[in-house]
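[1] Task: produce atomic coordinates for the following.
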Amino acid sequence: MRKLLILAILLSFLLTFVFAKTTIRFMEVITSPDRTKFLKGLLSEFEKRNPDIEVELISVPWDQSYEKLMSMVVAGNPPDVVEMPDRWVARFAAMGKLVNLEKYLKNWSEYEKFIEPAIKAMRVYKNEPYVIPYGFYIRIMFYRKDWLEEKGLSVPQTTDEFIEVVKKLTDPAKGRFGTYIRGAVGGWDTIKYWISAYLGTAEYFDEEGKCLFRKPEAAEGLRTYVSFYKNGWAPPESVNWGYNEIVAGFYTGVVGIIFQDPEVIGTCKKHMEEGTWMVAKLPIGPHGKAFLKLGFAGWSMFKTGKEDIAWKLVSFLVSEEIGMKWEKYLNIVPAYKKALEDPFYMEDPYRKVLVEELNDPRYVFFFDPFYLPEWAEFIQKLSVQEFQKVLLGKETPEKALEIWSDFLEKAYKRWIEKYGK
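    Numbers count the residues shown, from 1 in each chain. All right, here's what the predicted structure looks like:
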């Protein structure tokens with residue numbers, strides 16, 4: 001009897017050992033209710049395929065995510081896997097906290113399925129892979145088709161036409177504003193769009209390492225963007241608007257035109273009547289070009305001691321099978337060669353605008369200087385602080401550009417001294 005009891009105890013221990021689950025923590029940082037719900041579905045599928053692994057999802061609002069993640073890393077308690085925006089890669093890699101993915105990519109059969117820009121995105125810091133992009137974000141223009149028709153206006157094709165249209169769409173009596181200002185975190189892409197349009201280039205530095213923001217054309221571009229707020233063509237509260245407020249402002253009928261990532265297509269389809277809105281390419285600037293950041297986000301792994309298990313999740317999420325589901329849900333530019341021939345992107349009247357921008361030689365795509373470890377601080381803090389000062393009349397555009405230039409030049413100099421051009 002005693003032998004049977006001992007055997008039962010040993011069997012119970014063995015079963016507990018065999019079926020014990022490993023928990024990995026996964027943080028998403030570009031959040032919305034619908035997006036999180038879809039992501040949870042993908043994570044559930046992963047857990048079904050890997051019954052020995054449990055994923056703990058940590059969802060953090062975008063405006064708070066950088067500070068939250070940094071505090072976790074500094075405290076020595078980072079997540080195992082994190083949704084990594086392009087702008088943060090260098091900061092966390094330079095801290096020595098991210099896993100270099102080279103050994104995992106070496107024998108990964110999916111690697112050859114990625115397009116060339118995705119391969120480059122993996123290696124934005126020191127030409128070493130610290131992130132696997134799940135797709136690219138490029139801006140398109142969302143406009144209230146019904147508003148333009150009411151006013152007898154055409155879709156703006158140039159920045160000059162855009163200015164005239166937003167001015168005419170603004171109708172305070174109806175609570176309508178022609179456009180918006182993104183004063184909170186994440187506004188740099190639009191700021192840079194206007195600065196680059198007037199500079200005629202997307203470059204940040206000249207051959208001597210001087211920041212091009214010191215040029216008077218840069219100040220003209222920034223003043224133009226700020227004028228939308230100063231002239232009352234953007235909601236007063238948009239000084240504090242982030243992504244969710246901008247998108248809600250569009251589909252609730254407060255704002256007539258916004259520049260946003262294509263994932264907003266799904267939101268508009270859900271909240272707006274067909275025929276009341278449409279999308280178009282961004283306006284062409286005074287130099288006959290439009291400069292669009294080729295932004296991306298992806299999945300990175302922190303050094304937590306669970307790297308091999310974390311890679312199972314990352315490689316699942318960025319496999320062609322799952323990655324294309326995620327890209328299609330987000331309506332973003334695909335990272336896979338196969339997706340570029342998919343009718344989903346080529347035939348849809350909304351999504352084909354992405355293809356049109358990519359194939360139009362007037363649109364110049366660029367990467368921000370993601371290789372600079374200081375870039376995260378610039379994007380998350382300094383750019384926001386100084387821009388809000390300009391909006392509120394506490395600082396001139398020229399002063400903000402000078403402060404930005406000083407910061408970026410010092411960061412660039414440190415990089416050149418350490419790694420060379």
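[2] give the contact list for residue 246.
    Residue 246 makes contact with 180, 182, 238, 255, 258, 260, according to Cβ atoms under 8 Å, 6 or more residues apart in numbering. For every residue, glycine as well, the C-beta is placed using N, CA and C.
[3] Could you find the closest non-adjacent residue to the fourth one?
    When you say that, I think you mean residue 255. residue 249 (4.2 Å; Cβ to Cβ, 6 or more residues apart in numbering).
[4] roughly how far apart are the one you found and residue 173?
    Separation of residue 249 from residue 173 (Cβ to Cβ, to the nearest Å): 18 Å.
[5] next one: residue 406
    Between residue 406 and residue 173 the computed distance is 44 Å (Cβ to Cβ).
[6] Checking residue 291 next. Helix, strand or coil?
    Three-state call for residue 291 (DSSP: H, G, I helix; E, B strand; the rest coil): strand.
[7] Could you check how far it is from residue 362?
    Distance from residue 291 to residue 362, by Cβ to Cβ: 10 Å.
[8] what do you get for residue 207?
    From residue 207 to residue 362 the distance is 26 Å (Cβ to Cβ).
[9] more neighbours, those two?
    Shown here are residue 207 and residue 362; by other Cβ atoms under 10 Å, residue 362 has more neighbours (12 against 6).
[10] got a pLDDT number for residue 5?
    Listed pLDDT for residue 5 reads 57.
[11] quick one on the thing from earlier: between residue 406 and residue 173, who's got more neighbours?
    A count of neighbours by other Cβ under 10 Å puts residue 406 above the other of residue 406 and residue 173, at 13 against 5.
[12] quick one, what contacts residue 104?
    311, 315.
[13] Quick one: mean pLDDT for the strand or helix carrying it?
    Assigned by DSSP states H and E, residue 104 belongs to helix 102-106. For helix 102-106, the mean pLDDT works out to 96.
[14] Same question for stretch 174-185.
    Stretch 174-185 shows a mean pLDDT of 95.
[15] same question, stretch 226-237
    Throughout stretch 226-237, pLDDT has a mean value of 97.
[16] Tell me the buried residues in that stretch?
    The neighbour-count check on stretch 226-237 (16 or more other Cβ atoms under 10 Å) flags 226, 228, 229, 233, 234, 235 as buried.
[17] if you look at those residues, which of them are in strands?
    Among the buried residues of stretch 226-237, no member is found in strands (DSSP state E).
[18] Was I right to think residue 322 contacts residue 43?
    No: between residue 322 and residue 43 there is no contact under Cβ atoms under 8 Å: 10.4 Å.
[19] Helix or strand next in line after the helix or strand bottoming out on mean pLDDT in the chain, which one?
    When the helices and strands of the chain are compared on mean pLDDT, DSSP states H and E, helix 2-18 comes out lowest with a mean of 55. With elements assigned by DSSP H and E, the helix or strand that comes after helix 2-18 is strand 22-28.
[20] Residues contacting that following strand, please?
    With Cβ under 8 Å, 6+ apart as the test, strand 22-28 has contacts from 35-36, 39, 43, 52-60, 65, 69, 79-83, 306, 309-310, 313.
[21] in stretch 376-387, what's buried?
    376, 377, 378, 379, 380, 382, 383, 384, 386, 387.
[22] from those residues, which ones fall inside strands?
    Those of those lying in strands (DSSP E): none at all.
[23] Next up, the contacts around the nearest residue to residue 379 once chain neighbours are set aside.
    Sequence neighbours aside, residue 87 is the residue nearest to residue 379 in space, at 4.6 Å (criterion: Cβ to Cβ, 6+ apart). Contact analysis of residue 87 by Cβ under 8 Å, 6+ apart lists 368, 370, 375, 376, 379, 380.
[24] Save those as JSON lines, and put in distance to residue 213 and pLDDT too.
    Putting the contacts of residue 87 into JSON lines (distance: Cβ to Cβ, whole Å; pLDDT from 0 to 100) gives the following:
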{"residue": "368", "distance to residue 213": "13", "pLDDT": "94"}
{"residue": "370", "distance to residue 213": "18", "pLDDT": "93"}
{"residue": "375", "distance to residue 213": "15", "pLDDT": "95"}
{"residue": "376", "distance to residue 213": "19", "pLDDT": "93"}
{"residue": "379", "distance to residue 213": "14", "pLDDT": "93"}
{"residue": "380", "distance to residue 213": "18", "pLDDT": "92"}
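[25] now, among those, which is nearest to residue 398?
    Using Cβ to Cβ, residue 379 is the member of the contacts of residue 87 that lies nearest residue 398, at 20.9 Å.
[26] Pretty sure that closest one sits against residue 191.
    No: the criterion here is Cβ under 8 Å, and residue 379 misses it with residue 191 at 10.5 Å.
[27] show me where the stretch 151-300 of the chain has helices.
    Listed in chain order, the helices of the stretch 151-300 of the chain (DSSP state H, counting those that start in this stretch) span 159-169, 188-199, 216-230, 243-251, 264-271.
[28] in this protein, which spans are strands?
    In the chain, the strands defined using DSSP E lie at 22-28, 53-59, 81-85, 132-137, 140-144, 257-260, 277-280, 290-293, 295-301, 363-366.
[29] now the fifth one and helix 243-251, what's the angle there?
    Here strand 140-144 runs at an angle of 40 degrees relative to helix 243-251 (axes from the mean of the first three to the mean of the last three Cα atoms, to 10 degrees).
[30] Can you spell out which helices and strands pack onto strand 140-144?
    Judged by 3 or more Cβ pairs under 8 Å, 6 or more residues apart in numbering; DSSP states H and E, strand 140-144 is in contact with strand 257-260, strand 277-280, helix 352-359.
[31] What average pLDDT does the last one get?
    For helix 352-359, mean pLDDT is 86.
[32] any chance of the buried residues of stretch 226-237 in a markdown table, plus distance to residue 220?
    As requested, the buried residues of stretch 226-237 are exported to a markdown table (distance: Cβ to Cβ, whole Å):
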| residue | distance to residue 220 |
| --- | --- |
| 226 | 11 |
| 228 | 14 |
| 229 | 16 |
| 233 | 18 |
| 234 | 19 |
| 235 | 24 |
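[33] hmm, back to that, between the helices of the stretch 151-300 of the chain, which gets nearest to residue 95?
    helix 188-199 (21.9 Å).
[34] Could I get the average pLDDT for that closest one?
    Helix 188-199 shows a mean pLDDT of 97.
[35] Repeat that for stretch 325-339.
    What stretch 325-339 shows for mean pLDDT is 90.
[36] ditto for stretch 71-88
    The average pLDDT for stretch 71-88 rounds to 96.
[37] Which positions in that stretch come out as buried?
    Under the neighbour-count criterion of 16+ other Cβ under 10 Å, stretch 71-88 has 72-73, 78-88 buried.
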